[in-house]
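K.L.:
Next comes the sequence, and after it the predicted model I'd like to discuss.
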Amino acid sequence: GIDRSLYSEIDPLHLPEVLSLIAQRHGQGELYAALLSSIMTLFSTMNREKCIQQKMEYHAAKIAEHKAKLEELDKELATIKEAAAMRSQDNVCSQSNKRRRT
């Protein structure tokens, strides 16, 4: 039989490969015993995978949100700079007009 404590030593990400090798080398009886003793580890691996995928989706959405905010702020800054440049030109023009009048 298979020592149940052995499965606690195997990295859960490698467990499917280990189970496949057991099936190939030792047959269905040993595979069944191995599956029984490792089923919770397999489920925790699948849940962990889903958890990681969800975290990645969350952070990708946050990145998109931050990029949109950056674009919004960039446009606002460009508008402010453009308005400042126009005021500066207006001041130069009005000073120039004042000089012509005198």
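P.N.:
In hand now; what should we look at?
K.L.:
number of nearby residues for residue 60?
P.N.:
10 (other Cβ atoms under 10 Å). Bear in mind the C-beta positions are built from the backbone N, C-alpha and C, glycine included.
K.L.:
Name the secondary structure element that contains it.
P.N.:
helix 28-101 (DSSP states H and E).
K.L.:
Low-confidence regions, this protein specifically.
P.N.:
Filtered on pLDDT under 70, the chain yields the residue ranges 1-8, 42-46, 95-102.
K.L.:
Go again with 90.
P.N.:
For the chain, the stretches with pLDDT under 90 are 1-23, 27-54, 85-102.
K.L.:
Nearest the geometric middle of it, what residue?
P.N.:
Nearest residue to the geometric centre of the chain (Cα atoms, centre = their mean): residue 56, 3.0 Å.
K.L.:
roughly how far apart are it and residue 48?
P.N.:
13 Å (Cβ to Cβ, to the nearest Å).
K.L.:
Next: residue 22.
P.N.:
From residue 22 across to residue 48, the span is 22 Å (Cβ to Cβ).
K.L.:
neighbour count winner among the two?
P.N.:
Using other Cβ under 10 Å as the criterion, residue 22 and residue 48 rank with residue 22 on top: 19 against 12.
K.L.:
what helix or strand is the more buried one on?
P.N.:
helix 15-26.
K.L.:
by contact count, what packs against that helix?
P.N.:
Counting contacts by 3 or more Cβ pairs under 8 Å, 6 or more residues apart in numbering; DSSP states H and E, helix 15-26 packs against helix 28-101.
K.L.:
do you know how far the residue lying closest to residue 30 once chain neighbours are set aside is from residue 10?
P.N.:
Sequence neighbours aside, residue 22 is the residue nearest to residue 30 in space, at 5.5 Å (criterion: Cβ to Cβ, 6 or more residues apart in numbering). In this view, residue 22 and residue 10 are 11 Å apart by Cβ to Cβ.
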